[in-house]
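K.L.:
Pasted the sequence and its predicted model underneath.
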Amino acid sequence: VAKNLVGAQRIRSVDKFRLDRAGTASRVQTARESPPSDFSIDYDQELLRAIAGAPDGGRPGEVVSGVDVLRVSARTSLSELAQLLRGYAKAARSRRYRTVFAGMDQISPVRDADRKTELTDVLLDQLYSGEVENLTIAPPDIVDWTEIRGFRFGAQSREYPELRIETVIEQFAARGGRARGALERLRISAIRPDDSTAHAWPALRCLYAEVSHKGRLYILNGGAWYSIAASFIEEVNESMGRVPVVALGLPDYAHRHEGEYNEAAGRAGRGRLFLLDKKLVHCRAAQGGIELCDLYSVDRDLIHVKRAGGSCVYSHWFNQGVVSAKLLKHDREFRSRASELLVESGCDGIPAGELQASEYRIVWAAIGGPKAPTRLPLFSRVTLRLAAQDLQAIGYGVAYAYIGVSEEHARRVMVRATSPRRRVA
């Protein structure tokens, strides 16, 4: 109701929830009544959780707030209360907010409990019928793969070296077939080499699903359901056509973690690839130090490598590429330090003077992930679209690459998954 009542130029605060960074919530406030443009709402990646401000034509001192639940602070009398409430009821049926907050409806959380139940049932049907094309599972948070030995489901001792959707199906079946409760109760733990638990999540938080139901697309992301406007999906998928898929000739993945893979890929590059993983560039604009990239090629590709993950993982990965590329383009000190690092690694440095961004390409290379960006989780596609637009606007080329997983490694994963690990006493 509040979004229909607040005057278009009379907003005082906005609560936002960002979908691409593990659920970051924020509040933006202004010192005076302001229009929506002053609050920098990114409808591609943010949900409007609450709004506060004064209504047009309202009473002196009247303030309304909320999104689903209306809160009002106003001076009135008992005789005027009925008329005031009728006005609020009329606002609840209005669609005025679509002109003031254009884009708000393209991503909307599902709040109806019955609809959530229906969607979860559809998801279960897909799992047990083997329709897993639009289902993925991955850690929902950023993890350090060097400290993860494997994963366990519930309290069982069997350990799996990787999360696979087939394993989830097996676990659900063992816990009650198609029962919804089996899905909602199941937890996944990430286990360290010393057998301690590094992370633990509800299985629903680890699942990403795209479900069509009653003529509309819904997405399960981070344990929550969202309704997605068809026009928004078409717009995002169309933009993926501007991110070409390239073959870099990188070796298949057959390693314990990304760091080990990057070292092997650098050696296999035979003077055409240079290892920069974990080599930080320090400057005033990046005092903590950031990586230029994981691998750098003589063709001036800045390659960022990442194992398959959830929306948060992919989005962080895309943003890493943007941050380092922008510093390389705009910060002279960073560019100088990065050039020194390249020379130390055995590669030609970066030419002095202003960087010609058109001579460089930012490449995101996914280990065992989607083979094309159109198959990424929707919110990750949104982040990639924005990242590509930012970089192309300043002259860089961008691309996406797929790194395969060797058959031997895949077989080894399956063998380990079928062999229960004994707990350390």
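P.N.:
Received, thanks. Residues are numbered from 1 along each chain as shown.
K.L.:
Bridge partners for the closest residue in space to Leu47 that isn't next to it in sequence, pull those for me.
P.N.:
Of all residues not flanking Leu47 in the chain, Phe17 sits nearest, at 4.5 Å (CB to CB, 6 or more residues apart in numbering). C-betas here are computed from N, CA, C, even on glycine. Beta-bridge pairing for Phe17 (DSSP bridges): Ala25, Leu47.
K.L.:
ok, Phe17 - how many residues close by?
P.N.:
Residues lying near Phe17 (other CB atoms under 10 Å) number 16.
K.L.:
for Arg335, what are its contacts?
P.N.:
Going by CB atoms under 8 Å, 6 or more residues apart in numbering, Arg335 touches 327-329, 350, 355.
K.L.:
same thing with Leu47?
P.N.:
Contacts of Leu47 by CB under 8 Å, 6+ apart are 16-17, 19, 107-109.
K.L.:
Angles on the backbone of Ala399, please.
P.N.:
phi -160, psi 160 (degrees, to the nearest 10).
K.L.:
Look up how far Ile290 lies from Arg300.
P.N.:
Going from Arg300 to Ile290 by CB to CB, to the nearest Å gives 19 Å.
K.L.:
Kindly report the same for Val243.
P.N.:
Distance, Val243 to Ile290, by CB to CB: 22 Å.
K.L.:
which of the two has more neighbours?
P.N.:
Counted by other CB under 10 Å, Val243 and Ile290 do not tie: Val243 has more neighbours, with 20 against 17.
K.L.:
Surely that one is in contact with Leu384?
P.N.:
Yes. Val243 is in contact with Leu384 according to CB atoms under 8 Å; the separation is 6.4 Å.
K.L.:
picking that back up, mind pulling the model confidence for the residue nearest to Leu47?
P.N.:
The model reports Phe17 with a pLDDT of 76.
K.L.:
cool, Val415 as well?
P.N.:
47.
K.L.:
Please apply the same query to Arg75.
P.N.:
We have a pLDDT of 80 for Arg75.
K.L.:
what about it, neighbour count?
P.N.:
If you count neighbours by other CB under 10 Å, Arg75 ends up with 9.
K.L.:
Could you say which helix or strand holds it?
P.N.:
Under the criterion DSSP states H and E, no helix or strand holds Arg75.
K.L.:
Could you tell me how far it is located from Arg12?
P.N.:
18 Å.
K.L.:
Asp348: how many residues sit nearby?
P.N.:
So Asp348, with other CB under 10 Å, has 11 neighbours.
K.L.:
How many residues are close by the residue lying closest to it once chain neighbours are set aside?
P.N.:
Distances taken as CB to CB, 6+ apart put Leu342 closest to Asp348, at 6.9 Å, once the chain neighbours are dropped. Residues lying near Leu342 (other CB under 10 Å) number 18.
K.L.:
show me what contacts Leu342?
P.N.:
Going by CB under 8 Å, 6+ apart, Leu342 touches 274, 276, 292, 296, 348-350.
K.L.:
Quick one: distance of the helix or strand it falls within to the chain centre.
P.N.:
Per DSSP H and E, Leu342 falls inside helix 332-344. Distance of helix 332-344 from its chain centroid, counting by CA atoms, centre = their mean, to the nearest Å, is 30 Å.
K.L.:
Could you pull out the buried residues of that helix?
P.N.:
334-335, 337-339, 341-342 (16 or more other CB atoms under 10 Å).
K.L.:
Can I get it in PDB, CA atoms only?
P.N.:
Backbone C-alpha positions of helix 332-344 (Å, rounded to 0.1, in the frame of the first residue of the first chain) are rendered in PDB as follows:
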ATOM      1  CA  ARG A 332      48.200   4.600 -13.000                       C
ATOM      2  CA  GLU A 333      49.800   3.200  -9.900                       C
ATOM      3  CA  PHE A 334      47.900   0.000 -10.100                       C
ATOM      4  CA  ARG A 335      48.800  -0.300 -13.800                       C
ATOM      5  CA  SER A 336      52.500   0.200 -13.000                       C
ATOM      6  CA  ARG A 337      52.500  -2.400 -10.200                       C
ATOM      7  CA  ALA A 338      50.600  -4.900 -12.400                       C
ATOM      8  CA  SER A 339      53.200  -4.400 -15.100                       C
ATOM      9  CA  GLU A 340      56.000  -5.100 -12.700                       C
ATOM     10  CA  LEU A 341      54.200  -8.300 -11.600                       C
ATOM     11  CA  LEU A 342      53.800  -9.500 -15.200                       C
ATOM     12  CA  VAL A 343      57.500  -8.900 -15.900                       C
ATOM     13  CA  GLU A 344      58.400 -10.800 -12.700                       C
END
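K.L.:
so where's this structure uncertain?
P.N.:
Filtered on pLDDT under 70, the chain yields the residue ranges 19-24, 59, 67-68, 130, 132-133, 173, 175-182, 310, 409-425.
K.L.:
quick one on the thing from earlier: my guess is the residue nearest to Leu47 meets Glu46, correct?
P.N.:
Yes. Contact status for Phe17 versus Glu46: in contact at 6.5 Å, counting by CB under 8 Å.
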